[in-house]
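Participant: Here is my input, please return the structure:
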Amino acid sequence: MVEAVIKRDNREEAFIVEKLVVSCVKAGADVETARRIATELQNEITEKKVHTEKLRELVLERLKSINPQWYENWLLYDRAVKRRY
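Facilitator: Modelled structure (predicted):
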């Protein structure tokens with residue numbers, strides 16, 4: 001089970017499942033679905049540490065499969081706020 005997240009600048013941060021929940025809700029998911037996604041990923045990731053990019057990829061896959069608009073919302077947020085492309 002994942003315990004830490006490796007950030008883009010290689011800093012490590014404790015894995016906090018609620019951060020995933022909040023991100024999914026910001027993308028448009030209801031709280032119940034967001035918690036389900038976050039909990040499933042927390043249980044599926046076998047490494048103790050995961051890179052943020054891998055975690056992002058896994059969340060985006062889930063969002064896209066459940067509701068493509070949530071996926072698009074996440075990408076729009078990344079572009080507008082985090083300046084990711």
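Participant: residue boundaries of the strands in the protein?
Facilitator: Taking DSSP state E, the strands of the chain run over residues 4-6, 12-14, 49-51.
Participant: contacting residues around the first one?
Facilitator: Read that as strand 4-6. Strand 4-6 has contacts (CB atoms under 8 Å, 6 or more residues apart in numbering) with E12, E13, A14, F15, K48, K49, V50, H51, T52, L55. Glycine gets a C-beta too; all of them are placed from N, C-alpha and C.
Participant: What segments of this structure are helices?
Facilitator: With DSSP state H as the criterion, the chain has helices at 17-26, 31-44, 52-66, 68-80.
Participant: next one: the second one to chain centre, how far?
Facilitator: Relative to its chain's centre, helix 31-44 lies at 10 Å (CA atoms, centre = their mean, to the nearest Å).
Participant: Kindly calculate the angle that that helix makes with helix 68-80.
Facilitator: Put simply, helix 31-44 runs at 80 degrees to helix 68-80, going by axes from the mean of the first three to the mean of the last three CA atoms, to 10 degrees.
Participant: Can you pull out the residues in contact with helix 31-44?
Facilitator: With CB under 8 Å, 6+ apart as the test, helix 31-44 has contacts from 1-2, 15, 17-18, 20-25, 29, 55, 58-59, 62-63, 66.
Participant: Dump the helices of the chain into CSV; add mean pLDDT as well.
Facilitator: CSV is the format used below for these (pLDDT from 0 to 100):
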stretch, mean pLDDT
helix 17-26, 96
helix 31-44, 96
helix 52-66, 96
helix 68-80, 92
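Participant: how far away is I6 from R36?
Facilitator: In this view, I6 and R36 are 25 Å apart by CB to CB, to the nearest Å.
Participant: follow-up on the earlier one: the contacts of helix 31-44, buried ones only, as a PyMOL selection?
Facilitator: The buried residues among the contacts of helix 31-44 can be selected in PyMOL (16 or more other CB atoms under 10 Å) with this line:
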select buried, resi 2+15+20+21+23+24+29+55+58+59+62+63
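Participant: quick one: V31 and V22, what's the gap?
Facilitator: Counting by CB to CB - V31 and V22 are separated by 10 Å.
Participant: still on that earlier bit, hey, which of the strands of the chain is tucked in deepest?
Facilitator: Mean neighbour count (mean count of other CB atoms under 10 Å) peaks for strand 4-6 among the strands of the chain, with a mean of 17.
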